[in-house]
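Mind folding the following:
(chains A and B)
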Amino acid sequence: MSALLATPQPTSTWYLLLGAVLFAIGALGLMVRRNPLVMFMCIELMLNAVNLSFVALARDLGDISGQTAVLFVLVVAAAEVVVGLGIIVSILRRRPNATADDLSELKG
Amino acid sequence: MELFVFVVSSLMILAGAVGVILRPNPVHAAMSLILTLFGVAVLFVAMEAHFLAAVQVIVYAGAIVVLFLFVIMLLGVDRAENLRIEPIPVQRPLAVIVAVGLVSTIGAAIIHSRDAVRSASGVGLVDAVDTADSDSNIRQLGRDLFSDHVFAFELTSALLVVAVVGTVLMLRRPSRTERTP
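This next block holds a predicted model:
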C-alpha cells in the first residue's frame, strides 16, 4: 500500500509533454496524408493537443482563463470544420477522387 | 490513482492519434479520432475541468465527428486509400524529421521551464473537491466568460453566423430561374 502511495503523481509537465507528442503526431499526419478529410482530422488532433496544454496550465497557474480559452478554441474549431467541409464537399462533388495533390490544378 | 488514469488515457490518446494517420480508410480514421477525443475528455476530468470534458464529448465526439462521417458517407469517399504510393519522393522521411524536431523542441522548452510555471501563482481555481460544490467549475467558468471575455464571446456569435451563412451560400446549387436569365 505504501508503495502505491509512493508512485509519482502526474504533474502538469507530463500533460504538457503529452500535448507536445499529440501535436507532433497531428502535424506529421497533416504533412503525410493526402485525403483532405483525414488532413482535417489531423488539424483537430493538433487543436486538442493545444486544449490539453491550456487546461494543464490553467490548473497549474490557478487561473480559470485557460479554460475559457479552450471554450473559444472549441467554437473556432466548429466554425472551421463547417467552412472547411463545405469547401471539401464542393471540390469532391466535381472530382470524387481528388486528393490534396490535385489542387495544384487550380492555378491558371 | 491519478497516475493510473493518466497512463490509460494517454495510451488511448496516442493509439487514437496514430490510428488517424495510419488507417487507410477515412471512416476508421474518424473512429480513431473519437478514441483520442474521449481520452482528452478523461484527462479534462482528471484536471478538474468538468464542464470542458462534457463539452468535449458533446461538441467534438458528438457533433464534429458526426459531421465528418456525414460528409464521408455523403460523398461516398469511404474507400481505402493506398498508403504505399509516395507522391513526392522524400516527403515522408522529411515529415518524420520535422515531427521529431517539433516534439523535441517543444519538449525541451517544457522541461526547461517546468519550474518557472510552478513558481508563478494566479488567483486560484475553485476546486470542486475542496469546496464540496459540484458546480464550482461551471460557475467560475461562466463568471469569467461573461465578465472578462464578454466581448470575445459576442464576437464568436458573429463568427458562427458568418461561417454558417457563408457555407450555405457556397454550397447552394443555383435554382432554375437564376440559371436562365
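
quick one: contacts of stretch A:40-47?
A:22-23, A:25-27, A:29-30, A:33, A:73, A:77, A:80-81, A:84-85, A:88, B:17, B:20-21, B:29-30, B:33, B:36-37, B:60, B:64, B:68 (C-beta atoms under 8 Å, 6 or more residues apart in numbering or on different chains). C-beta here means a position set from N, CA and C on the backbone, and glycine is covered the same way.

List buried residues within those.
A:22-23, A:25-27, A:29-30, A:33, A:77, A:80-81, A:84-85, A:88, B:17, B:20-21, B:29-30, B:33, B:36-37, B:60, B:64, B:68 (16 or more other C-beta atoms under 10 Å in any protein chain shown).

just checking, which of those residues belong to helices?
A:22-23, A:25-27, A:29-30, A:77, A:80-81, A:84-85, A:88, B:17, B:20-21, B:29-30, B:33, B:36-37, B:68 (DSSP state H).

Lowest-scoring secondary structure element of the chain by mean pLDDT?
Using chain A. Least confident element among the helices and strands of chain A, by mean pLDDT, DSSP states H and E: helix A:2-5 (a mean of 52).

my bad, the chain I had in mind was chain B
Going by mean pLDDT, DSSP H and E, chain B bottoms out at helix B:128-131, a mean of 55.

wait, does the helix or strand following it make contact with chain A?
Later in the chain than helix B:128-131, the nearest helix or strand by DSSP states H and E is helix B:136-147. Yes - if you take C-beta under 8 Å from any C-beta of the partner chain as the test, helix B:136-147 does meet chain A, through B:137, B:140-141, B:144-145.

so what does helix B:136-147 touch, helix or strand wise?
helix A:65-94, helix B:50-55 (3 or more C-beta pairs under 8 Å, 6 or more residues apart in numbering or on different chains; DSSP states H and E).
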